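Undergrad: Take this sequence and fold it.
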Amino acid sequence: MKQHRSFSLIPVLLFQFLFGSTIAMKSTNLSTDQSSLLLLKSRITSDPYNVLTNNWTTKTPVCSWVGVICGVRNHRVIRLSIQNMGFEGSIPPEIGNLSFLVSLNMSGNLFYGNIPKEIGDLHRMKELSLSYNSFLGRLPIEIGKLTQLEELDLSNNYLNGTIPEEIGHLYNLKVFDMGYNNVTGHVSPTIFSISGLEVIRLTNNSLLGSLPIDICSYPDHALEELDLSYNAFDGEIPSSLSQCSQLQRLLLQSNNFTGVVAREIGNLTRLVELSLDDNSLSGNIPLEMGKLHNLIHLGLSGNHLSGSIPPTIKNLSRLTDLILDQNTLSGKIPYEVGDLKMLQLLSLSGNCFTGQLPQTLSNLTSLTSLSVSQNDISGNIPWNMFSANLETLLLAGNNFQGTFPQNITRFRNLSNINLAKNQLSGPIPDTIGKLSRLHTLILYSNKVTGQIPSSICNLTSLEVLYLSNNTLEGTIPTCMGNMAKTLRILVMDSNRFHGLIPDTFEKGCVLECLNLHANKLEGKLPRSLSNCPRFQILDVGSNNVKDVFPVWMETLRQVEVLYLKSNKFYGTILPLESKTKKPPFPMLQHFVASDNEFTGPLPVEYLTNLGAFMDQTKLRDWSNWPYKETMIVDLKGVKYPLVKLKRVYTVIDFSMNKFEGNIPHLIGNLKILMILNLSHNHLGGRIPESLGNIASLDSLDLSCNRLVGEIPGTLTNVTFLSSLNLSYNLLVGPIPQSNQFHTFDNSSYVGNSGLCGFPLASCDDDGASTQEDDEDEDEDVGFLDRFSWEVVAMGYACGFLFGTMGGCFYFF
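TA: Numbers count the residues shown, from 1 in each chain. Have a look, this model is predicted:
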């Protein structure tokens with residue numbers, strides 16, 4: 001009886017034991033989750049909204065914490081969503097103890113450091129998003145253990161190294177995004193073979209290699225988006241991509257892909273966006289492109305495509321963006337373009353199109369941007385054909401003719417007009433002042449006449465105004481100085497303007513560039529430019545400006561170009577005096593004051609303290625300047641468009657003045673100086689040996705002065721020196737005979753009777769010329785007798801001004 005009663009208690013005791021153990025286990029595991037999250041909180045050094053400070057505490061249940069979701073059955077943390085909260089800190093290894101976690105979203109914060117390898121212990125994970133943070137280092141290979149993962153978003157961080165091959169083991173992955181990182185190397189083919197993968201985004205990295213030739217050849221491939229843009233992938237684009245029947249976005253721009261655009265591209269009938277820009281693709285645009293009926297964006301710019309635009313383009317009835325610029329496409333622009341009724345952006349610039357713009361452009365009533373610059377299109381600009389919704393009109397570099405219409409106000413949304421380098425004539429209409437949204441107006445190199453209408457001052461949004469190389473005349477409207485609260489670039493060189501330069505630049509001025517070269521302007525430089533703290537470029541060369549040197553510009557710390565050549569500047573250059581004064585013109589890299597009437601000694605404080613001539617990091621990379629095509633550099637007598645120069649040139653040109661005294665020894669501190677021209681002055685003393693310290697010096701002209709002594713041997717250290725002119729001084733002794741000095745001929749030394757050695761007469765034992773004095777005199781007389789051809793060819797004779805002096809910087 002007792003035995004039976006004891007046996008009947010066993011199930012009850014067993015139940016109590018198991019139930020109690022389960023409760024204890026749940027309590028222990030939830031406690032583990034709490035500890036892991038509190039460790040994460042301790043690693044967060046910035047909580048700007050006090051989200052965790054006031055909520056993640058032991059006084060409140062874990063499952064009620066902000067961003068924490070627990071499972072209904074197991075009461076474990078299954079989701080952690082703390083995105084966009086401004087947190088800053090790192091992730092502790094204990095994150096791997098959240099073993100029931102299904103979703104982890106920490107995107108849009110400032111987390112840094114490495115992604116811990118323990119994150120690979122979260123074997124239930126389906127969604128992992130760490131995007132828009134500052135994580136760095138390699139992606140741990142343990143990520144390949146998350147076999148349930150469906151979405152992996154690590155974009156917009158600083159991750160480096162290679163993409164682990166183990167990613168290819170995530171067979172349930174649907175979204176893989178590592179865009180905008182610093183990852184390198186090849187991408188494992190196994191990643192592309194995940195059949196359920198819908199999105200691959202690897203844009204803006206340094207990935208390389210070719211795509212698998214069998215990409216998308218696996219059955220039931222689900223790929224909808226492939227974004228490999230802005231990398232270094234190469235090889236041909238596999239034709240098997242055409243088997244990705246679900247593909248909607250194919251973005252391969254800015255890589256090194258070669259070959260042709262395969263005809264099979266027409267099989268991707270679900271494509272909405274196709275971007276193959278900036279590769280090395282060649283051949284024709286295939287007719288089959290017309291099968292992509294759902295296409296909204298087509299970008300093929302920056303390749304080597306040839307032939308004509310296929311007429312099948314008319315079938316892309318949903319197309320809003322057609323971007324084919326910077327190829328070698330030819331023929332006429334097909335009238336079928338007018339069938340693209342939804343087109344908003346048409347960009348065909350930089351090709352070889354001929355003929356006139358098709359009349360069917362009038363059908364494009366939604367067109368907001370038309371760009372056909374740099375072609376060979378002719379005829380009058382068909383203003384009446386353009387959509388009234390037009391915002392951008394780029395027709396530069398063609399053979400368009402005609403005038404501006406008075407009813408230009410019909411285009412009330414116009415913000416960007418570039419009609420440069422055409423054959424346009426007539427005046428700028430008064431009605432231009434009613435285009436209230438206009439921020440860029442570029443008309444250089446046309447035949448525009450008349451005066452600048454004062455209504456132009458009503459353009460309160462204007463940022464860029466280019467009117468160079470026309471036949472505009474009259475005075476510059478005084479009110480234009482008042483536009484400088486928005487106007488950044490004002491270039492009106494090579495016209496016929498006269499009168500004064502407006503002195504109405506007010507405080508708050510944002511002007512960066514003022515180019516009035518080659519006009520007939522007079523008076524003084526406008527002192528109100530000192531109200532423009534961003535000012536960088538001043539070119540008033542070849543005018544009649546009569547003023548002292550603008551020492552007041554020292555306060556403008558961003559000035560990079562100061563071009564005063566061929567005016568009537570006068571007096572001694574005396575820098576500002578101040579006990580707290582900073583070194584003047586720290587960013588200046590083109591200092592041209594030639595052909596004026598400056599007197600006194602060279603401005604030593606300027607010539608020895610120009611920061612940009614001593615620090616490479618202060619030099620502007622002109623290749624990034626958006627208007628560099630308008631700039632011409634005159635180097636050693638040859639004019640070069642700035643866009644064709646491969647080097648950044650630093651220039652000092654004080655030639656054709658009346659400077660006297662010695663060349664300062666400290667000029668040798670300007671180690672990045674490339675062109676130095678002090679010719680045609682009254683300078684004396686010796687050539688400083690410190691010039692040999694300027695290793696980058698490419699051109700040196702000290703001709704037509706009163707320099708004495710020997711040519712310093714240190715100049716042979718300047719191995720980049722390609723142009724040397726020391727003619728017409730009082731130099732004596734042997735010419736240095738090493739390195740590049742063997743390349744200079746007589747013209748570099750003529751007019752110095754005391755010089756000897758190659759290429760002149762040999763030296764005797766005392767270092768003097770072996771040539772007789774009377775022979776020297778005969779040679780000099782003969783030289784002048786041959787003025788009609790020899791001097792003109794060399795441009796060296798003293799007392800004459802030629803346009804071939806080296807080192808002149810000239811902006812168009």
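Undergrad: what's the neighbour count on residue 287?
TA: Each residue near residue 287 was counted by other Cβ atoms under 10 Å, and the total is 13. (Glycine included, C-beta is placed from N, CA and C.)
Undergrad: I should have written residue 575 there, sorry.
TA: Residues near residue 575, counting by other Cβ under 10 Å, number 17.
Undergrad: Was I right to think residue 143 contacts residue 163?
TA: No. Using Cβ atoms under 8 Å, residue 143 makes no contact with residue 163, being 10.0 Å away.
Undergrad: Remind me which helix or strand residue 148 belongs to.
TA: Using DSSP states H and E, residue 148 falls within no helix or strand.
Undergrad: For it, which residues are in contact?
TA: Residue 148 makes contact with 123, 124, 125, 126, 172, according to Cβ atoms under 8 Å, 6 or more residues apart in numbering.
Undergrad: Also residue 29?
TA: Taking Cβ under 8 Å, 6+ apart, we find residue 29 in contact with 76, 99.
Undergrad: In three-state terms, label it for me.
TA: For residue 29, the secondary-structure state derived from DSSP: H, G, I helix; E, B strand; the rest coil is helix.
Undergrad: Residue 742 too?
TA: State at residue 742, reduced to three classes by three-state DSSP: helix.
Undergrad: ok, and the closest non-adjacent residue to it?
TA: Of all residues not flanking residue 742 in the chain, residue 758 sits nearest, at 7.2 Å (Cβ to Cβ, 6 or more residues apart in numbering).
Undergrad: list the contacts for the one you found?
TA: By Cβ under 8 Å, 6+ apart, the residues touching residue 758 are 735, 737, 742.
Undergrad: Which one of those sits in the busiest neighbourhood?
TA: The most crowded member of the contacts of residue 758, judged by other Cβ under 10 Å, is residue 735 (21 neighbours).
Undergrad: confidence score at the residue lying closest to that one once chain neighbours are set aside?
TA: Once flanking residues are discounted, residue 735 sits nearest to residue 757: 4.1 Å by Cβ to Cβ, 6+ apart. You'll see residue 757 listed with a pLDDT of 91.
Undergrad: For burial, what's the neighbour tally of residue 757?
TA: Neighbours around residue 757, by other Cβ under 10 Å: 18.
Undergrad: What separation do you get for it and residue 377?
TA: 60 Å (Cβ to Cβ, to the nearest Å).
Undergrad: if we can go back for a sec, could you check the distance from the residue nearest to residue 742 over to residue 691?
TA: Noted for residue 758: a distance of 21 Å to residue 691, by Cβ to Cβ.
Undergrad: follow-up on the earlier one: are any of the contacts of residue 148 buried, and if so which?
TA: 125, 126 (16 or more other Cβ atoms under 10 Å).
Undergrad: ok, now which ones touch residue 234?
TA: 208, 209, 210, 255, 256, 257, 258.
Undergrad: Closest one to residue 573 out of those, please.
TA: Nearest to residue 573 among the contacts of residue 234: residue 256, at 51.8 Å, using Cβ to Cβ.
Undergrad: Hmm, residue 592 is touching residue 566, no?
TA: No. At 9.7 Å, residue 592 does not count as touching residue 566 under the criterion of Cβ under 8 Å.
Undergrad: Compare those two (neighbour count), which wins?
TA: Higher neighbour count among residue 592 and residue 566: residue 592, with 25 against 22, using other Cβ under 10 Å.
Undergrad: shaky segments in the stretch 601-750 of the chain?
TA: 621-648 (pLDDT under 70).
Undergrad: Which parts of it are strands?
TA: For the stretch 601-750 of the chain, strands defined by DSSP state E, counting those that start in this stretch occupy the ranges 631-635, 638-641, 651-653, 658-662, 675-677, 682-684, 699-701, 708-709, 723-725, 730-734.
Undergrad: In JSON lines, list those along with distance to residue 464.
TA: JSON lines is the format used below for these (distance: least, Cβ to Cβ, whole Å):
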{"stretch": "strand 631-635", "distance to residue 464": "14"}
{"stretch": "strand 638-641", "distance to residue 464": "19"}
{"stretch": "strand 651-653", "distance to residue 464": "25"}
{"stretch": "strand 658-662", "distance to residue 464": "37"}
{"stretch": "strand 675-677", "distance to residue 464": "29"}
{"stretch": "strand 682-684", "distance to residue 464": "41"}
{"stretch": "strand 699-701", "distance to residue 464": "32"}
{"stretch": "strand 708-709", "distance to residue 464": "51"}
{"stretch": "strand 723-725", "distance to residue 464": "35"}
{"stretch": "strand 730-734", "distance to residue 464": "49"}
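Undergrad: now those in CSV, with distance to residue 293 and mean neighbour count?
TA: Below are those laid out as CSV (distance: least, Cβ to Cβ, whole Å; neighbours: other Cβ atoms under 10 Å):
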stretch, distance to residue 293, mean neighbour count
strand 631-635, 46, 20
strand 638-641, 44, 12
strand 651-653, 57, 26
strand 658-662, 73, 16
strand 675-677, 59, 25
strand 682-684, 75, 17
strand 699-701, 61, 25
strand 708-709, 82, 14
strand 723-725, 62, 22
strand 730-734, 79, 18
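Undergrad: Quick one: closest of those strands to residue 554.
TA: Closest approach to residue 554 among the strands of the stretch 601-750 of the chain (Cβ to Cβ): strand 651-653, 16.5 Å.
Undergrad: Indicate each strand paired with that closest one and its parallel or antiparallel sense.
TA: Paired with strand 651-653 in the same sheet, following DSSP bridges, are strand 590-592 (parallel), strand 675-677 (parallel).
Undergrad: Out of those, flag the one nearest residue 365.
TA: Between the strands paired with strand 651-653, strand 590-592 lies closest to residue 365; by Cβ to Cβ that is 47.5 Å.
Undergrad: what sits up against that closest one?
TA: Strand 590-592 has contacts (Cβ under 8 Å, 6+ apart) with 541, 560-565, 585, 606, 610, 649-653, 807-809.
Undergrad: can you pull the contacts of the closest residue to residue 705 other than its chain neighbours?
TA: Using Cβ to Cβ, 6+ apart and skipping residues adjacent in sequence, the residue nearest residue 705 is residue 683, 4.2 Å away. By Cβ under 8 Å, 6+ apart, the contact set of residue 683 is 602, 659, 660, 661, 662, 663, 702, 705, 706, 707.
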